[in-house]
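Participant: Kindly return the folded structure for what I paste below:
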Amino acid sequence: MMSSQGYKKLVGSEDGKNLYWTTDINTELPIKMSQSGMAANIKPETFPNIFSKTAEMRGNAPAMRVMRNGKEKIWTWQ
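Facilitator: Next comes the predicted model:
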């Protein structure tokens, strides 16, 4: 674990760029984790990993529905 102030000194960020935000698709932002409490025990996961796991578990179940031209369009998890 590293403090925000320590990391700011490390990357030289005054406005939070590359610490809290970025506009560069190739920049990897640090994952901020709680040091205590319930959140300290949760493993970080990416959205694509969560989406893949849900698709595997839910299969043909509806994932999203929308009305277009009076007809319901349904997408499944697969």
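Participant: Beyond the worst-scoring helix or strand of the chain on mean pLDDT, next helix or strand please.
Facilitator: Every helix and strand of the chain was ranked by mean pLDDT, DSSP states H and E. The lowest is helix 4-11, at a mean of 68. With elements assigned by DSSP states H and E, the helix or strand that comes after helix 4-11 is helix 47-58.
Participant: The next helix or strand after that next one: partners in the sheet, and parallel or antiparallel?
Facilitator: Next helix or strand after helix 47-58 toward the C-terminus (DSSP H and E): strand 62-68. Strands adjacent to strand 62-68 in the sheet, as given by DSSP bridges, are strand 71-76 (antiparallel).
Participant: Would you mind giving the domain segments of this protein?
Facilitator: For the chain, automatic domain parsing gives the domain ranges 1-44, 45-78.
Participant: quick one: which of these has the weakest pLDDT on average?
Facilitator: Confidence, taken as mean pLDDT, is least for domain 1-44 of the domains of the chain (a mean of 78).
Participant: residue at max distance from the center of the protein?
Facilitator: G70 (33.7 Å; C-alpha atoms, centre = their mean).
Participant: got the phi/psi numbers for that residue?
Facilitator: Backbone torsions of G70, given as degrees, to the nearest 10, read phi 80, psi 0.
Participant: Show me what E72 is bridged to.
Facilitator: Legend: beta-bridge partners of E72 under DSSP bridges are M67.
Participant: What about it, how many residues nearby?
Facilitator: 9 (other C-beta atoms under 10 Å). Bear in mind the C-beta positions are built from the backbone N, C-alpha and C, glycine included.
Participant: I'd assumed P62 was in contact with it.
Facilitator: No: contact criterion C-beta atoms under 8 Å: E72 and P62 do not qualify, at 9.9 Å.
Participant: what's stretch 64-77 in contact with?
Facilitator: Contact partners of stretch 64-77, identified using C-beta atoms under 8 Å, 6 or more residues apart in numbering, comprise 54-55, 58-63.
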